[in-house]
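In: attaching a predicted model along with its sequence, questions to come.
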Amino acid sequence: MILANVRAQLGRADAQLAVRLIARGSGHAQDEAEALLADQGLDPLLDDERMLDGLLDARQGAHASLPLFSYVIVRHALKASGESERMMADYVAAILLHFGLRQRAARINDHDDESFETLSSLGDAIEGSDATRSFLARAHLGNYALWLSGLFPDHIEQRRWHRGGPTLGYFESMGVRGFRLAAEHRLASEYGLAPLFDAAADRFPRLRRALTQVSDRHLFPHVHSPEKLMRQVQDESQWRH
């Protein structure tokens, strides 16, 4: 199950790299960063704009661990969208890391033999009698919808225009439904996850647009298409509101 635990994976090497990326050779800046790290922990350094710039522009940024890189780019994209809770950035970054490995996006957990290629195919698993599997399927519906619509919106739009596939709005509505159903499941309360899933449902469009910013800037910066242009115009209009 995907948990908001990316920050917990960051260790001493990540903290040391964060200090160096913020300092960029300045002894004064390094002293300030080290003092802040000792006094308040790693979070303020990860929120520093110089941290993001260093990851993207400095040669040392190439040595960042995948959890460090993923959290920082997601955190800054969400902050720019108005989402300030670190827990939400932690969770969205965890989705990126989890689904980016070994076809995990098509399975509700690592030990499940069944693959789900579409959101609608999760219906039977959501309504099944196995409580644990039903809960995981609900959360997976939200996670999968966010991952697909956030990182690959242009693929969705191309399929819609050329093959009559579902719209981005469909993916958003399914994502909201998945997170809401997960929050309502009794296991969400037992595991203390109901507030997180409720928040993800409430803020799904914002999370999706922020994740799309990550995709546009860092994954597919050189892709240009009419579908992308129209989607960016629509997203920017919604962002302002």
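Out: Noted; the coordinates are in hand.
In: return the backbone torsion pair for Glu114.
Out: The phi/psi pair for Glu114 (degrees, to the nearest 10) reads phi -90, psi 140.
In: which ones are touching it?
Out: Contact partners of Glu114, counting by Cβ atoms under 8 Å, 6 or more residues apart in numbering, are 107-108, 125. Backbone N, C-alpha and C define where each C-beta goes, glycine included.
In: which residues touch Thr116?
Out: In this structure residue 116 is Phe, not Thr. Under the criterion of Cβ under 8 Å, 6+ apart, the contact list for Phe116 reads 106-108, 122, 125, 140, 144.
In: contacts for the helix or strand encompassing Glu190?
Out: Glu190 is part of helix 186-191, with elements assigned from DSSP states H and E. Residues outside helix 186-191 that contact it (Cβ under 8 Å, 6+ apart): 131-132, 135, 182, 193-194, 197.
In: next, the buried residues of that helix.
Out: Neighbour-count burial for helix 186-191, with 16 or more other Cβ atoms under 10 Å as criterion, is recorded at 187-188.
In: equivalent analysis for stretch 32-40, please.
Out: Buried-residue list, stretch 32-40, by 16+ other Cβ under 10 Å: 33-34, 36-37.
In: make TSV from those and add distance to Asp14 to it.
Out: Shown next, in TSV, are the buried residues of stretch 32-40 (distance: Cβ to Cβ, whole Å):
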residue	distance to Asp14
Ala33	13
Glu34	14
Leu36	15
Leu37	11
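In: out of the residues you listed, which is nearest to Pro221?
Out: For the buried residues of stretch 32-40, the residue nearest Pro221 by Cβ to Cβ is Ala33; the value is 28.6 Å.
In: for the closest one, what are its contacts?
Out: With Cβ under 8 Å, 6+ apart, Ala33 has these contacts: 18-19, 22-23, 45, 48.
In: where does the residue sitting nearest the centre point of the chain land on pLDDT?
Out: Of all residues in the chain, the one closest to the mean position by Cα atoms, centre = their mean is Val92, 2.7 Å from it. For Val92, the model assigns a pLDDT of 97.
In: if you skip the residues just before and after it, what's nearest to it?
Out: Val74 (5.1 Å; Cβ to Cβ, 6 or more residues apart in numbering).
In: element containing the one you found, please.
Out: Using DSSP H and E, Val74 sits in helix 66-81.
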